[in-house]
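Undergrad: Next comes the sequence, and after it the predicted model I'd like to discuss.
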Amino acid sequence: MPDLEASRRRFARRQWARRWTTWRGLVVLGLVAAVMAVAGWVVLASPVLDVRGVEVTGTTFLRPAEVRRAAAVPQGGPLARADLDAVRSRVERLPAVAEVQVSRAWPHEVRIEVTERTAVAVVEDGKSLHGLDADGIVFRAFKARPRALPLIRMAADAPADARVEAARVVGILPENVAKRVAFADVHTRDAISLELRDGRIVVWGSADQAAEKARVLASLLKAVRDARAYDVSVPGQPTTTG
């Protein structure tokens, strides 16, 4: 009998251990679920992690306040629910913005990282001066012409899209060559020329083969210093005029 009673007690303990293991797993799962539910509410619905500000970085001539107005980030809602794609799309509409990255800066801010366009030349519109980038996009105004940037001069009958070709030409030039260019004269899309600051002329032609023409011109300026004109319109057969 004692052995039988001991066996019953061992069996009961094993049964209890199995039940406790099962219940313990359920209790742990319940606690995890509760914690996740609370965390989800805190992140997605409560005011604990709401939007309270917008951080703007990367601007130089653009004002951060201007970017914030364009971003139009709703204040007060949960940061996790902020529509970053919509914010990015609105900021990208600013002409001066080349690229933009939008992210969440926990616990309370939306971060907007702006890459601005870089002016490669200036165009004159009446009495106004505007900068444009290498894609020909006009994106900012200048009070005075920056000395380091060439002025694009359009012939009266030149098509408007020829300005884009001129911007491509100026934008592809090596820095040490670009800073020597005073004017980019545009007659047609296929008839672009450059006037250097010392008065020498570069016959460029069209914007085709621009990278190769830029390399040839850089070499000619070093090799033939006393020429009055350089013709790189056919980069495989450049010519100079003494």
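TA: Nice, I can see it. Model, not experiment: these values are computed from the prediction.
Undergrad: For the residue minimising distance to the centre of the chain, what is the enclosing helix or strand?
TA: Central residue of the chain (C-alpha atoms, centre = their mean): Glu99, 1.7 Å from the mean position. Using DSSP states H and E, Glu99 falls within strand 97-105.
Undergrad: Now do the phi/psi pair for Leu129.
TA: Backbone torsions of Leu129, given as degrees, to the nearest 10, read phi -110, psi 130.
Undergrad: Just give the nearest non-adjacent residue to it, would you?
TA: Among residues not flanking Leu129 along the chain, Phe142 sits closest, at 4.3 Å (C-beta to C-beta, 6 or more residues apart in numbering). All C-beta atoms are positioned from the backbone trio N, CA, C, and that covers glycine.
Undergrad: from memory the one you found sits against Asp125, does it?
TA: No - the pair Phe142 / Asp125 is not scored as a contact, 11.2 Å apart, by C-beta atoms under 8 Å.
Undergrad: If you count surrounding residues, which of these two has more?
TA: Using other C-beta atoms under 10 Å, the more surrounded residue of Phe142 and Asp125 is Phe142, with 15 against 9.
Undergrad: Name all residues that make contact with that one.
TA: Shown in contact with Phe142 (C-beta atoms under 8 Å, 6 or more residues apart in numbering): 122, 129-131.
Undergrad: what's the farthest-apart pair in those residues?
TA: Greatest spatial distance among these (C-beta to C-beta): Leu129 and Gly131, at 7.8 Å.
Undergrad: Now do the shared contacts for those two.
TA: Listed as contacting both Leu129 and Gly131 by C-beta under 8 Å, 6+ apart are 122, 141-142.
Undergrad: So, low pLDDT: which residues of this structure?
TA: Low-confidence segments of the chain (pLDDT under 70): 1-48.
Undergrad: Which residue ranges of this structure form helices?
TA: 2-44, 64-71, 84-92, 162-172, 175-178, 210-223 (DSSP state H).
Undergrad: helices and strands around the fifth one, which ones?
TA: In this structure, helix 175-178 makes packing contacts with helix 210-223, judged by 3 or more C-beta pairs under 8 Å, 6 or more residues apart in numbering; DSSP states H and E.
Undergrad: who touches the helix it packs on?
TA: Outside helix 210-223, the residues that touch it by C-beta under 8 Å, 6+ apart are 168-169, 172-174, 176-177, 180, 202, 204-205, 227, 230, 232-233, 235, 238, 240.
Undergrad: quick one on the thing from earlier: now the contacts of Phe142 in TSV, with neighbour count?
TA: Below are the contacts of Phe142 laid out as TSV (neighbours: other C-beta atoms under 10 Å):
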residue	neighbour count
Val122	21
Leu129	18
His130	16
Gly131	22
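Undergrad: Do I have it right that Pro95 meets Asp133?
TA: No - using C-beta under 8 Å, Pro95 is not in contact with Asp133; the gap is 9.7 Å.
Undergrad: more neighbours, those two?
TA: The neighbour count for Pro95 versus Asp133, taken as other C-beta under 10 Å, is higher for Asp133 (20 against 13).
Undergrad: how about the nearest residue to the more buried one, chain neighbours excluded?
TA: Spatial nearest neighbour of Asp133, excluding adjacent residues (C-beta to C-beta, 6+ apart): Arg117 at 4.2 Å.
Undergrad: ok, now Ala144?
TA: In this structure, Ala144 finds its nearest non-sequential neighbour in Leu129, 7.2 Å apart by C-beta to C-beta, 6+ apart.
Undergrad: first to last residue in stretch 188-206, what's the distance?
TA: 8 Å (C-alpha to C-alpha, to the nearest Å).
Undergrad: Ignore what I typed, I meant stretch 166-183.
TA: Start and end residues of stretch 166-183 are separated by 10 Å (C-alpha to C-alpha).
Undergrad: For that stretch, what is the distance to the chain centroid?
TA: The chain centre lies 22 Å from the centre of stretch 166-183; the measure is C-alpha atoms, centre = their mean, to the nearest Å.
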